[in-house]
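Peer 1: Just to be clear, the model below is a prediction. Sequence and coordinates:
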Amino acid sequence: MTLLFSLLVLARIEGLYSESQIQNWCLGRLFIFQVVNFFFFVILSMAILTHASDLSLMGIPVLLGKSVPVQASVFMTYIALTACTGFPLGLLNPVGLVVSQLLYMFSDSPRQKRGALLYAKTNFNFGAAYPQHLLVFVIGCTYAVMAPLIILFLVAYFALGLLTSRYSFLYIYINTFESGGIYWPAVANRLLASLFFSHITLIGVFSVKDGYYESLSMLPLIGIVIAFYVRVQDRYPKFAEVLPVSMAQAVDEIMEQRKIVRVPRFLLGFCLFGVLSRC
């Protein structure tokens, strides 16, 4: 929480005032911090502690190649612990629950009591939630081949996340701003970067174990990831930056219909999704 608050302050200092831009800025910085501070630091520290006797500067790549597959159990435990504690706490929202009950106790008018009960309904923090999920995806891509058992933990993590997030978006979170799809390029680029990093890691592990043919067989996969990244960058990010006229007209029509028919807010999202899928 301290790191996230510091990033929010730094984003304001840099001159970002839009909530979507601030959270997108925090998403990128927090993702880098978590990958470097947790993922690389755990691998490097365990490698140093395990092979402290024969440690040398030239032998660090070999040391990392030997220690990466051994750390799979540590990351399995981390994914299981995060899934079993993070998502239930997100549903419980203990801080918002306690504060709302205290405000309700000291409220006098019905309007104040209503506002106190709505205090627990918070806005979804994309800048804090996405880096955590992306870190789990990086771990899964890296260890899916070396330790296939981790795939079960990944499936359980994202299945529980889908269940709890669907409930939270329907009944807990209040949408206070529209991002216009600005998070899609940020998340998609980091997903492809995770795949690229996992392939590089496998090449290093195969090379340390004298699997030169296996390392060469990974090169086409890297080329496919790079080609797909170029294709994605050529076609899709512009839709997140500039809304086409046809989509803007369709959105205006839906908004006018909502004013007349009073379409519920959660149904409006499905209407917009249908419009975007047809374009």
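Peer 2: Arrived safely.
Peer 1: Tell me the buried residues in stretch 166-179?
Peer 2: Neighbour-count burial for stretch 166-179 flags Ser168, Ile172, Tyr173, Ser179 (criterion: 16 or more other Cβ atoms under 10 Å). Quick note: C-beta positions are derived from backbone N, CA and C, even for glycine.
Peer 1: again with stretch 184-191
Peer 2: Neighbour counts over stretch 184-191 (16+ other Cβ under 10 Å) mark Pro185, Ala186, Val187, Ala188, Arg190, Leu191 as buried.
Peer 1: Got the domain ranges for the chain?
Peer 2: Under the assignment automatic domain parsing, the domains of the chain span 2-190, 243-279.
Peer 1: Quick check: Val74 touching Val42?
Peer 2: Yes: counting by Cβ atoms under 8 Å, Val42 is a contact partner of Val74 at 6.4 Å.
Peer 1: Compare the two (neighbour count), which wins?
Peer 2: The residue with more neighbours, out of Val74 and Val42, is Val42; 15 against 12, by other Cβ atoms under 10 Å.
Peer 1: In terms of helices and strands, where is the more buried one?
Peer 2: Assigned by DSSP states H and E, Val42 falls within helix 41-50.
Peer 1: winner for burial among the domains of the chain?
Peer 2: Most buried of these by mean neighbour count (mean count of other Cβ atoms under 10 Å) is domain 2-190; its value is a mean of 15.
Peer 1: measure that one end to end?
Peer 2: End-to-end distance of domain 2-190 (Cα to Cα, to the nearest Å): 24 Å.
Peer 1: Equivalent analysis for stretch 135-154, please.
Peer 2: Criterion Cα to Cα; first-to-last residue distance in stretch 135-154 is 11 Å.
Peer 1: which residues sit against that stretch?
Peer 2: For stretch 135-154, contacts defined as Cβ atoms under 8 Å, 6 or more residues apart in numbering pick out 31, 34-35, 38-39, 68-69, 72, 75-76, 78-80, 82-83, 157-158, 191, 194-195, 197-198, 201-202, 205.
Peer 1: go with 6 Å
Peer 2: Gln34, Pro69, Ala72, Phe75, Met76, Ile79, Ala80, Tyr157, Ser194, Leu195, Ser198, Thr201 (Cβ atoms under 6 Å, 6 or more residues apart in numbering).
Peer 1: what's the closest non-adjacent residue to the fourth one?
Peer 2: The one in question is Phe75. Closest residue to Phe75 apart from its sequence neighbours, by Cβ to Cβ, 6 or more residues apart in numbering: Ile139 at 4.8 Å.
Peer 1: SS state for that neighbour?
Peer 2: When classified by DSSP: H, G, I helix; E, B strand; the rest coil, Ile139 comes out as helix.
Peer 1: Return the distance of Val230 relative to Pro185.
Peer 2: For Val230, the distance to Pro185 equals 14 Å [Cβ to Cβ, to the nearest Å].
Peer 1: gap between whichever strand or helix holds Ala11 and the chain center?
Peer 2: Per DSSP H and E: Ala11 is located in helix 2-13. Taking Cα atoms, centre = their mean, to the nearest Å, one finds the center of helix 2-13 at 18 Å from the center of the full chain.
Peer 1: Which elements pack onto that helix?
Peer 2: Other helices and strands packing on helix 2-13, by 3 or more Cβ pairs under 6 Å, 6 or more residues apart in numbering; DSSP states H and E, are helix 19-34.
Peer 1: contacting residues around the helix it packs on?
Peer 2: With contact meaning Cβ under 6 Å, 6+ apart, helix 19-34 is reached by 7, 11, 16, 126-127, 130-131, 134-135, 177, 179, 182, 186.
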